[in-house]
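K.L.:
below are the sequence and a predicted model; questions follow.
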Amino acid sequence: APYPPGPPAYPVIGSGGAFPAHEPQLGLAESAKKYGDVMYFEMFGKPLVVLSSLEAASDLLEKRSAIYSSRPRFTVHEMIGWTDMVSFLPYGEQFNKQRKFFLHTFSKQGCLVFRSSQVAQTHLLLKNILQCPTRYIEYLRLFSTAIIMEIAYGHKVTSEDDPYVKIAEDTNNVLMAAGHSLALVDFLPWLIYLPAWFPGNWFARVARESRPAIQQMRNFPFDEVVQRMAYGTASPSFVSMHIEELERDGRASEENLHILKVAASQMYGAGAETTWSTIMNVIALLLLHPRAQRKAQDELDSVLRGERMPDFEDRKSLPYLDALLLEVMRLKPTAPLGVPHSSTADDIYRGMFIPKDSIVLTNTTALAMDDRVYRNPTEFRPERFLPPHAEPNPNGIVFGWGRRICPGRYLADTSVWIVMASFLTVFEIVPEKNRNGQDIIPEIQWCSGITSSPAPFPCVIRPRSEKEVKLVSRL
Ligand code: HEM
């Protein structure tokens, strides 16, 4: 069978030259109009397949997940020394062992244990923003870090001076420096043999400088939990709950404790930036869509009046807010080009040959913009997810697919839901004014890497009225 259609390949570079370097999700969505929803690139001899429809993503990554659930090699991350974390691991025994820790703890039901931490951190967030609304971006960052640290290690972060915040910042710097997706060196692995001073060999420097931060992130919080458990002062957390379970089952071997340590250290990298970016995307789009903001607030006001009861286990108990969050996540997917999967066997799909070891990218941006699935897809319209419309839930677009689907999705979803329900009850997001008293409606730019979030934009966050100020002061 022939390969899927794609740009022409040339000697050595293959079709690598046609792969867009900047905001690839946009260029690839354009190419898909020409080549179709399953596109083939030969990148310096390596097969790369780009999926651009819900149907193809679901057919391959879900229905044939036995083949499409591995990961490609992430060379830079390998050099840093953290590819033993679940999100980088190829499909196999190590992967299953580590992922099991997540599935167990963060199932829909399992997440309920962490609900009180999510609510307490949200209250702290509201108080912080009330005191200094202009710093809302930093406070949201603190919130996203604090939630993860509390859930992973039972450590309560209450201020920006906390040592766990420093660890988180250092880790984030590593993530930013290394990127979280594919780099040229993944296709040309011999580049790693170039000396560190060689122009363009940034990865050797990043790897060298990152290692101490990674060791600190892995060891310090984990060792603290072990110590607190020995003193009997540990709060329940992902780590303490699993150590207890391993000890109870007689499986607390050095190897299993190491796997747990690695899994816990992954939570920050996978969960903090993504949660923060998603909340920032909501705030940016609500600034641009005041009517939607007002509608969500009307719904929340009906809760305060006692006419409606929100149910933590059912987001649909606030249907408009639920639809609004889905619409933000569809229109501004937090991971605009998904996270690459790779295939572990040759396959034939719709008569096309997809070779073993293909890198498989799902262009979530193209999926969200598919007008066969979403009517007027570029339009911001939460109502598309409400009866009688009920367009498909963009879950795959947001959280990925099959055996690699984000295991933190229920936790992340409720964090975003609780924060936005609370935030919109108390605050409003309004444009800044110019000297003539007119609203400044900013042209928001979205920075895109592995996650996409708005570049800083002018806006004002303020309490909706004195009543809300009192409400927050009483929390
Ligand atoms: C709104 C926030 C979040 C978003 C948008 C998000 C999105 C994603 C996406 C797109 C993937 C890749 C799925 C695939 O390869 O098909 C992923 C993987 C992952 N996420 Fe999340 N995530 C979020 C929050 C979290 C949180 C809070 C945690 C931790 C509790 C977490 C843990 C993970 C892990 C461990 C993986 C790797 C899974 C694997 O490779 O098998 N995520 N996430």
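P.N.:
Received it, and whenever you're ready, just let me know what you need. Numbering: from 1, shown residues only.

K.L.:
how about the residues of the stretch 351-475 of the chain near the ligand?
P.N.:
The stretch 351-475 of the chain comes close to the ligand at residues 398, 399, 400, 401, 404, 405, 406, 407, 408, 411, 412, 416, as judged by Cβ under 6 Å from any ligand atom. (C-beta placed from N, C-alpha, C; glycine too.)

K.L.:
tell me, how many residues neighbour the residue lying closest to the third one once chain neighbours are set aside?
P.N.:
Excluding its sequence neighbours, the residue lying closest to residue 400 (Cβ to Cβ, 6 or more residues apart in numbering) is residue 406, at 5.4 Å. The burial count assigned to residue 406 is 23, neighbours taken as other Cβ atoms under 10 Å.

K.L.:
also residue 51?
P.N.:
Residue 51 has 30 neighbours, counted by other Cβ under 10 Å.

K.L.:
what's the answer for residue 170, then?
P.N.:
Counted with other Cβ under 10 Å, the neighbours of residue 170 add up to 16.

K.L.:
that one should be in a helix, yeah?
P.N.:
Yes: counting by DSSP: H, G, I helix; E, B strand; the rest coil, residue 170 falls inside a helix.

K.L.:
ok, it - contacts?
P.N.:
Counting by Cβ atoms under 8 Å, 6 or more residues apart in numbering, residue 170 touches 213, 216, 217.

K.L.:
can you tell me how far the first one sits from the ligand?
P.N.:
The reference is to residue 213. 19 Å (Cβ to the nearest ligand atom, to the nearest Å).

K.L.:
which residue packs closest to that residue, ignoring adjacent ones?
P.N.:
Excluding the flanking residues, the one nearest residue 213 by Cβ to Cβ, 6+ apart is residue 170, at 4.0 Å.

K.L.:
any idea how far residue 30 is from that neighbour?
P.N.:
Counting by Cβ to Cβ, to the nearest Å, the gap between residue 170 and residue 30 amounts to 38 Å.

K.L.:
can you name the residue of the stretch 1-150 of the chain nearest to the ligand?
P.N.:
residue 87 (3.5 Å; Cβ to the nearest ligand atom).

K.L.:
which parts of stretch 374-384 count as buried, going by neighbours?
P.N.:
374, 377, 380, 381, 382, 384 (16 or more other Cβ atoms under 10 Å).

K.L.:
that should have said stretch 124-139, apologies.
P.N.:
Neighbour-count burial for stretch 124-139 [16+ other Cβ under 10 Å]: 124, 125, 126, 128, 129, 130, 136, 137, 139.

K.L.:
also stretch 294-307?
P.N.:
For stretch 294-307, using 16+ other Cβ under 10 Å, the buried residues are 295, 296, 297, 299, 300.

K.L.:
of those residues, closest to the ligand?
P.N.:
residue 296 (18.2 Å).

K.L.:
which parts of this protein sit against the ligand?
P.N.:
When proximity is defined by Cβ under 6 Å from any ligand atom, the chain lies next to the ligand at 86-87, 99, 102, 106, 266-267, 270-271, 274-275, 278, 334-335, 338-339, 341, 398-401, 404-408, 411-412, 416.

K.L.:
list the residues that contact the residue of the stretch 1-150 of the chain closest to the ligand.
P.N.:
By Cβ under 8 Å, 6+ apart, the contact set of residue 87 is 71, 266, 269, 270, 339.

K.L.:
look at it and report its pLDDT.
P.N.:
If you check residue 87, the pLDDT there is 92.

K.L.:
sorry, back to before: make TSV from the buried residues of stretch 124-139 and add secondary structure to it.
P.N.:
Formatted as TSV, the buried residues of stretch 124-139 follow (three-state DSSP):
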residue	secondary structure
124	helix
125	helix
126	helix
128	helix
129	helix
130	helix
136	helix
137	helix
139	helix
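
K.L.:
next step: the residues of the chain next to the ligand restricted to strands.
P.N.:
Secondary structure defined by DSSP state E assigns residue 341 of these to strands.

K.L.:
out of the residues of the chain next to the ligand, which end up buried?
P.N.:
Buried members of these, scored by 16+ other Cβ under 10 Å, are 86-87, 99, 102, 106, 266-267, 270-271, 274-275, 278, 334-335, 338-339, 341, 398-401, 404, 406-408, 411-412, 416.

K.L.:
which helix or strand in the chain has the lowest average pLDDT?
P.N.:
Ranked by mean pLDDT, DSSP states H and E, the weakest helix or strand in the chain is helix 184-187, scoring a mean of 77.

K.L.:
now the helix or strand containing residue 302 - C-alpha only, PDB.
P.N.:
Assigned by DSSP states H and E, residue 302 falls within helix 290-304. The C-alpha coordinates for helix 290-304 follow below in PDB (Å, rounded to 0.1, in the frame of the first residue of the first chain):
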ATOM      1  CA  PRO A 290     -18.300  39.900  27.900                       C
ATOM      2  CA  ARG A 291     -21.700  38.500  27.000                       C
ATOM      3  CA  ALA A 292     -20.600  35.000  27.800                       C
ATOM      4  CA  GLN A 293     -19.000  36.200  31.000                       C
ATOM      5  CA  ARG A 294     -22.300  37.900  32.000                       C
ATOM      6  CA  LYS A 295     -24.200  34.700  31.300                       C
ATOM      7  CA  ALA A 296     -21.900  32.500  33.400                       C
ATOM      8  CA  GLN A 297     -22.200  35.100  36.200                       C
ATOM      9  CA  ASP A 298     -26.000  35.000  36.000                       C
ATOM     10  CA  GLU A 299     -25.900  31.300  36.400                       C
ATOM     11  CA  LEU A 300     -23.500  31.600  39.400                       C
ATOM     12  CA  ASP A 301     -25.700  34.300  41.000                       C
ATOM     13  CA  SER A 302     -28.600  31.900  40.900                       C
ATOM     14  CA  VAL A 303     -26.500  29.600  43.100                       C
ATOM     15  CA  LEU A 304     -26.000  32.500  45.600                       C
END
